[in-house]
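# Return atomic coordinates for the entry below.
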Amino acid sequence: MKRQTVRLNILKAMRKIFLIAGLLLLMPMHSAFAASLTLGSTGSAVVTLQTTLIAKGYLAAGKATGYFGPLTDAALKKFQCEAGVICSGSRAAGYGVYGPRTQAALAGAAWGSTGAPTAPTATRGLEFSGWLPYWSEASSTRDALLHIDQLTEINPFVYVVQTDGIVRDMAGIADEPWSSLIAAAKAKKVRVIPTIMWSDKEAMHRIISNQQTRIALVDEIVDLAEREGFDGVDIDFEGKRAEDKEYYNLFHQGLYQKMGKKWVMCTIESRTPISDLYYGTTVPEGAGQYANDFVAMNKYCDRIRFMTYDQQTADMKRGAEADAAGALYGPVADVVWVEKAIREAMKTIPASKIVMGVATYGYEWDVTAYSDGYTYDLLWSFGPNYAPPIAAQYAVTPSRQFSGEMGFSYSQNGGLAGAAALASATAQNTNHTFRYTAWQDAESIKQKVDLARTLGIKGVAAFRLDGGQAAGFWDVFK
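As a prediction, the model looks like this:
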């Protein structure tokens, strides 16, 4: 096409001739595409398609059978929807058909309005989503409803798996105020994907390791999504045993296959690089063994949402850097650590599937300054509205912390706090105890939204959206 443009610029008088030549040049381009494939197709071309879908995580390994059946159909439709080719409609419209547009997209190109493949867009808009906790349903639903136009997806945090493997609705999601929010979300084409939470390690092992109860749980979740008309489900199983990894792979595989065209989101813990996690210490036996298999999850999850918060002592190297700077360090989510965790995930999982979790709260610590540094005892988490009155009461000014968060230290008894306490402890070989408070303000959240854009990942998800976020949150979470 570049040669054609040059010739037209040089020989404008021969416009008609080269217009014909241009049309002829387009013919080989289109003929380079393979014949269209759809449900029921067979042969080596289907094997090639299936192999590509497997490599990109849309189809389970071992399914390159050469027969275009229901599994291949579901996998191709998921790809078409995620790639922006087509997300609904009939086969006549191309949904579920491996035609020229889908072939171009699967090969790494997007289909331009001219009908020819074009390079992918360099930057895409982020997806914005957030968890709405059932324990603050009034404020959560109100907050999401007020800002529904800024969200791609909402995640009602309302379902909990019980010890018997039965999923319990903790909020009455079919009732108000949830029903109005869900209706508004659907009207705005915002995905409604509730979270199914489980954190009972022993119950998870008992249910997931047994084929019968594992399949029953999968079927229950699929039935729930169908019955309530949800766009998909968000699986948040926390604290799993590493030795149960293969059982969880089977669970995710079965769920992904049975959910069909509905979304499967997977919310999991972040990983800190081992060398940073155990910086300056002996790496314990078993480090690096995880219940979450990133390779398998890439195949069986449409989005992988990382809980890049509740960092605390998860990055000993960064903690050592804070100590060297004489800085207090009790982070909810240091943006430097968040980048490490996301880059660790990107070694295995494509950026197009990764969602960064963003906290909207803070921590308060009891801190003791000794002659050789600080020790920390976590007291509680809190909403940002908790901190300013304390700062005013003790006449301290919050400032940007080493972690990038806002915070301050204070003494309840009028004693020393922060750097002054450390200097005194060092000089006099004594100790001082005080409080340290740090939280996610709008600027620290903006740092993470900007980081998500820089890394080119799919989106950001806030935990939590309950109306208690810092002032200015919605100005940056968009």
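
# quick one: Arg214 is in a strand?
No - under DSSP: H, G, I helix; E, B strand; the rest coil, Arg214 falls outside any strand and is assigned helix.

# ok, it - how many residues close by?
Number of residues near Arg214 (other Cβ atoms under 10 Å) recorded here: 19. Glycine gets a C-beta too; all of them are placed from N, C-alpha and C.

# just Ala242 next, same as before
The burial count for Ala242: 11, using other Cβ under 10 Å.

# Can you list the low-confidence ranges for the stretch 101-250 of the chain?
Where the stretch 101-250 of the chain drops to pLDDT under 70, the residues are 108-124.

# let's see 90
101-125 (pLDDT under 90).

# Quick one: residues contacting the spatially closest residue to Arg435 that is not a sequence neighbour.
Among residues not flanking Arg435 along the chain, Tyr410 sits closest, at 5.5 Å (Cβ to Cβ, 6 or more residues apart in numbering). Residues near Tyr410 by Cβ atoms under 8 Å, 6 or more residues apart in numbering: Ile390, Ala391, Tyr394, Val396, Ala417, Phe434, Arg435, Thr437.

# Please apply the same query to Arg318.
Asp276, Tyr329, Asp334, Val336, Trp337 are the contacts of Arg318 under Cβ under 8 Å, 6+ apart.

# Between which two of those residues is the distance greatest?
Asp276 and Tyr329 (13.9 Å; Cβ to Cβ).

# circling back: so which of the contacts of Arg318 is the closest to Ile196?
Of all the contacts of Arg318, Trp337 has the smallest distance to Ile196: 27.4 Å, by Cβ to Cβ.

# separation between that closest one and Tyr329?
11 Å (Cβ to Cβ, to the nearest Å).

# Among those two, which residue is more densely surrounded?
The neighbour comparison of Trp337 against Tyr329 (other Cβ under 10 Å) goes to Tyr329, with 26 against 23.

# Can you tell me the SS state at the more buried one?
coil.

# per the record, what domains does the protein have?
Domain ranges of the chain: 1-32, 35-118, 127-361+443-476, 362-439, per automatic domain parsing.

# The last one: end-to-end distance?
Looking back up the chat, that one is domain 362-439. End-to-end distance for domain 362-439: 4 Å, by Cα to Cα, to the nearest Å.

# And the longest one, by the same measure?
Across its full length, domain 127-361+443-476 reaches 13 Å end to end, with Cα to Cα as the criterion.

# Repeat that for stretch 446-463.
Stretch 446-463 has an end-to-end distance of 15 Å (Cα to Cα).

# What are the contacting residues of it?
Outside stretch 446-463, the residues touching it (Cβ under 8 Å, 6+ apart) are 123-124, 126-131, 152, 155, 303, 305, 307-309, 333, 335, 338-339, 342-343, 346, 351-360, 404, 445, 469, 476-477.

# before we move on, which element is Lys446 in?
When elements are assigned from DSSP states H and E, Lys446 belongs to helix 442-455.

# swap in Met197?
Applying DSSP H and E, one finds Met197 within strand 195-198.

# after that strand, next one along is what?
Immediately after strand 195-198, counting by DSSP H and E, sits helix 201-208.

# how about the CA coordinates for that following helix, as PDB?
Below are the C-alpha coordinates for helix 201-208, written out as PDB (Å, rounded to 0.1, in the frame of the first residue of the first chain):
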ATOM      1  CA  LYS A 201      -8.700 -23.300  54.100                       C
ATOM      2  CA  GLU A 202      -9.800 -26.700  55.500                       C
ATOM      3  CA  ALA A 203     -13.300 -26.500  54.000                       C
ATOM      4  CA  MET A 204     -11.800 -25.500  50.600                       C
ATOM      5  CA  HIS A 205      -9.500 -28.500  50.700                       C
ATOM      6  CA  ARG A 206     -12.300 -30.900  51.600                       C
ATOM      7  CA  ILE A 207     -14.700 -29.600  48.900                       C
ATOM      8  CA  ILE A 208     -12.200 -28.900  46.100                       C
END
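
# buried ones in it?
Met204, Ile207, Ile208 (16 or more other Cβ atoms under 10 Å).

# which of those lies closest to Thr51?
Ile208 (29.6 Å).

# For that closest one, give me its contacts.
Neighbouring residues of Ile208 by Cβ under 8 Å, 6+ apart: Arg214, Leu217, Asp244, Tyr247, Tyr248, Phe251.

# Tell me which of these fall in helices.
In this view, the contacts of Ile208 that belong to helices under DSSP state H are Arg214, Leu217, Tyr247, Tyr248, Phe251.

# How much space separates the third one from Gly62?
Taking Cβ to Cβ as the measure, Tyr247 falls 18 Å from Gly62.

# more neighbours, those two?
Relative neighbour count places Tyr247 above the other of Tyr247 and Gly62, with 20 against 8, counting by other Cβ under 10 Å.

# Next up, the contacts around Arg191.
Taking Cβ under 8 Å, 6+ apart as the test, what Arg191 contacts is Ser129, Thr152, Glu153, Ile154, Ala185, Asp231, Gly232, Trp263.

# what's the answer for Thr430, then?
Listed by Cβ under 8 Å, 6+ apart, the contact partners of Thr430 are Ser371, Ser424.

# May I have the secondary structure class of Ser129?
strand.

# The residue lying closest to it once chain neighbours are set aside: how many residues sit nearby?
Excluding the flanking residues, the one nearest Ser129 by Cβ to Cβ, 6+ apart is Glu153, at 3.8 Å. Other residues lying near Glu153 total 22 when counted by other Cβ under 10 Å.

# Distance of Glu153 relative to Gly232?
9 Å.

# Now do the shared contacts for those two.
Contact criterion Cβ under 8 Å, 6+ apart; residues shared by Glu153 and Gly232: Arg191, Ile193.

# Just send the ones in helices among the contacts of Ile208 back as JSON lines, with distance to Leu181 too.
Below are the ones in helices among the contacts of Ile208 laid out as JSON lines (distance: Cβ to Cβ, whole Å):
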{"residue": "Arg214", "distance to Leu181": "32"}
{"residue": "Leu217", "distance to Leu181": "27"}
{"residue": "Tyr247", "distance to Leu181": "35"}
{"residue": "Tyr248", "distance to Leu181": "31"}
{"residue": "Phe251", "distance to Leu181": "29"}
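
# Which one of the residues you listed is nearest to Ser180?
Leu217 (30.1 Å).

# Please name the nearest non-neighbouring residue to the closest one.
Gly165 (5.2 Å).

# ok, that neighbour touching Gln212?
No - using Cβ atoms under 8 Å as the test, Gly165 is too far from Gln212 to be in contact (10.3 Å).
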